[in-house]
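Participant: Next come a sequence and a model predicted from it.
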Amino acid sequence: MINKSVLKKTKSRLIKINIGVVFGFLILFSIFIYTYFSGVTYNSIDDKLKDELESITMQFSRHSIAYPVTKYPSNMIYIYKDDRIRYFTHQDGYFDDVAPKRYENKLNDIFTFSENGYTFRMLNVQIDDYQIQIVRNIDTEINSLRQLIFVFIIGILISTIITYYLAIYITKNALIPIENAWNNQAKFIQDASHELRTPISIVSSKLERMLKNPNNTISDEVETIADAMSEIRRSKKMINDLLSLTKEEAIIKLNISEVNIKSFIDDLCMDYYDIAKIQNKKFNIYFSLKNEIILTDKNKLKQLILIFIDNAFKYTKSEDYININVKQQDNLDIEIYIIDSGIGIKKEDLPYIFDRFFRSENVRDKDIDGSGIGLSIAKLLAINLGMKIDARCENGETKFKIIIPNKKVDKII
């Protein structure tokens, strides 16, 4: 089974990666939003300062400095000539003196400064002999930006906590298929080893027995050799089935071609008429089709159908019947039924018959040869062909159904 410490480390790593990605995205998103709103806020303030300057400039062209430069100032205005302040507006006690610092080294500039615990934005320009300072208190805007930062911090913390629990849930569910695949692989190896161990042990014991009797002739050991050969054939078939199973799991391309389903099945079942006659079984094929042409991988469809037909002959006795019924429903899907009156399948075994190496006690008790891989191969073939398969056992009949979509198969597996 899967190593629990490996799974735990993988979960922890995935959780950290998910949290790191979300956290990093939120940080970058917050920086972008803050930078955008900060820029918009300062641009709005600067536009108001420039509008005030434009109003003052217009007043300068009309009136003496003795007149108010603006009747309803929205900012604090300070006008200097030489070293004397010639005009100023009410400043609401922001500064210790009548006016803020003059900042003669920052002419024709807009900048931010702090004084007495307040933050201001100043437009400082020189017009002729006058130095004009237009000042606006921006504590409200600064507080709004700080609140925005606070909201971002709270939002990031809450989002990180939510992401942590979501990451645990998502990671746990995402690893379920991997864990199942790992466990299935381990189980597959265990089952394959167990199934191969039996014939190898039998062959080994037979050879050891022959070695203990070196003087025996082939005629004396014919039964022993026959048993050994039988186990070798069983092992060979199992290995071929395992290779087929692996091949179907690794399939990357289908060879699609037009197939006449009626002629295809007729040709496929030709030899089985003779087998049925020899085994004293009834074998019949029935067709009810509107359209006989389908698009599929001919070889894989042949392999799929043969698995069900071979099983039908294997699990039926003399006087039993095997019927193949091919019909087309109104939805244009073609359905192939392989029906037999053999030993049947127990209801409780039906969910497991397509599992690898599964063989019901009903089959094992009758000592019928088989590896339990055939139906697993059929399941993979159906998946690769884009078809559906189903199994039922009722009223003394075992019925396998193959549903072939009557449309172009353009999916590359």
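Facilitator: Perfect, thanks for sending it.
Participant: so residue 145 sits right up against residue 36, yeah?
Facilitator: No. The criterion here is CB atoms under 8 Å, and residue 145 misses it with residue 36 at 11.3 Å. C-beta: built from backbone N, CA, C; applies to glycine.
Participant: where do the helices sit along the protein?
Facilitator: 4-60, 139-212, 222-249, 261-268, 270-278, 298-314, 361-365, 374-385 (DSSP state H).
Participant: Which one of residue 145 and residue 36 is surrounded by more residues?
Facilitator: Remark: of residue 145 and residue 36, residue 145 carries more neighbours, 16 against 10, as counted by other CB atoms under 10 Å.
Participant: need the contact list for that one.
Facilitator: Under the criterion of CB atoms under 8 Å, 6 or more residues apart in numbering, the neighbours of residue 145 are 34, 37-38, 41.
Participant: For residue 10, state which of those is nearest.
Facilitator: Minimum distance to residue 10 across those is 36.0 Å, recorded for residue 34 (CB to CB).
Participant: what residues are up against that closest one?
Facilitator: 145, 148-149, 152.
Participant: In the protein, where's the longest strand?
Facilitator: Ranked by number of residues, the top strand in the chain under DSSP state E is strand 118-127.
Participant: Kindly export that one (C-alpha atoms) in CSV.
Facilitator: What follows is strand 118-127, C-alpha atoms only, in CSV (Å, rounded to 0.1, in the frame of the first residue of the first chain):
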residue,chain,number,x,y,z
TYR,A,118,-0.5,67.1,10.2
THR,A,119,0.2,66.0,6.6
PHE,A,120,-0.1,68.5,3.8
ARG,A,121,0.2,68.7,0.0
MET,A,122,1.8,71.8,-1.3
LEU,A,123,2.0,73.5,-4.7
ASN,A,124,4.9,75.9,-4.6
VAL,A,125,5.4,78.2,-7.7
GLN,A,126,7.2,81.4,-8.6
ILE,A,127,5.2,83.9,-10.7
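Participant: I'd like the average pLDDT over it.
Facilitator: The average pLDDT within strand 118-127 is 90.
Participant: Residues touching it, excluding its own?
Facilitator: 42, 45-46, 49-50, 52-53, 57, 60, 94, 100, 103, 106-114, 131-139, 142.
Participant: Equivalent analysis for stretch 384-403, please.
Facilitator: By CB under 8 Å, 6+ apart, stretch 384-403 touches 248, 251, 254, 296-297, 300-301, 304-305, 308, 311-312, 315, 333-342, 344-347, 350, 353-354, 378-379, 382, 404-405, 409, 411, 413.
Participant: Buried residues of it, list them for me.
Facilitator: Neighbour-count burial for stretch 384-403 flags 384-387, 389, 391, 393, 398-403 (criterion: 16 or more other CB atoms under 10 Å).
Participant: And for stretch 274-281?
Facilitator: Going by 16+ other CB under 10 Å, stretch 274-281 has these buried residues: 276, 279, 281.
Participant: For the second one, give me its contacts.
Facilitator: This points to residue 279. 313, 318.
Participant: let's see it at 7 Å
Facilitator: For residue 279, the contacting residues are residue 318, by CB atoms under 7 Å, 6 or more residues apart in numbering.
Participant: Any regions of the stretch 251-400 of the chain where pLDDT drops low?
Facilitator: 251-252, 330-331, 359, 361-371 (pLDDT under 70).
Participant: Closest to the centroid, which residue in the chain?
Facilitator: Per CA atoms, centre = their mean, the C-alpha nearest to the average position across the chain is that of residue 174, at 7.7 Å.
Participant: ok, it to residue 180 distance?
Facilitator: According to CB to CB, to the nearest Å, residue 174 and residue 180 sit 12 Å apart.
Participant: what's the neighbour count on the closest residue to the residue nearest to the centre of the chain other than its chain neighbours?
Facilitator: What sits nearest to residue 174 in space, not counting adjacent residues and going by CB to CB, 6 or more residues apart in numbering, is residue 14, at 7.4 Å. Counted by other CB under 10 Å, the residues lying close to residue 14 total 17.
Participant: Hmm, residue 171 and residue 14 touching each other?
Facilitator: Yes. Judged on CB atoms under 7 Å, residue 14 makes contact with residue 171 at a distance of 4.5 Å.
Participant: one step back: least reliable of the helices of the chain going by mean pLDDT?
Facilitator: Of all those, the minimum mean pLDDT falls on helix 361-365 (a mean of 62).
Participant: re the thing from before, of the buried residues of stretch 384-403, closest to residue 215?
Facilitator: residue 398 (50.9 Å).
Participant: What's the separation between the closest one and residue 179?
Facilitator: Residue 398 is 34 Å from residue 179, by CB to CB.
Participant: re earlier: ok, of the contacts of stretch 384-403, which come out buried?
Facilitator: Using 16+ other CB under 10 Å as the burial test, the contacts of stretch 384-403 include 248, 251, 254, 296-297, 300-301, 304-305, 308, 311-312, 315, 334-342, 344-345, 353-354, 378-379, 382, 404-405, 409 as buried.
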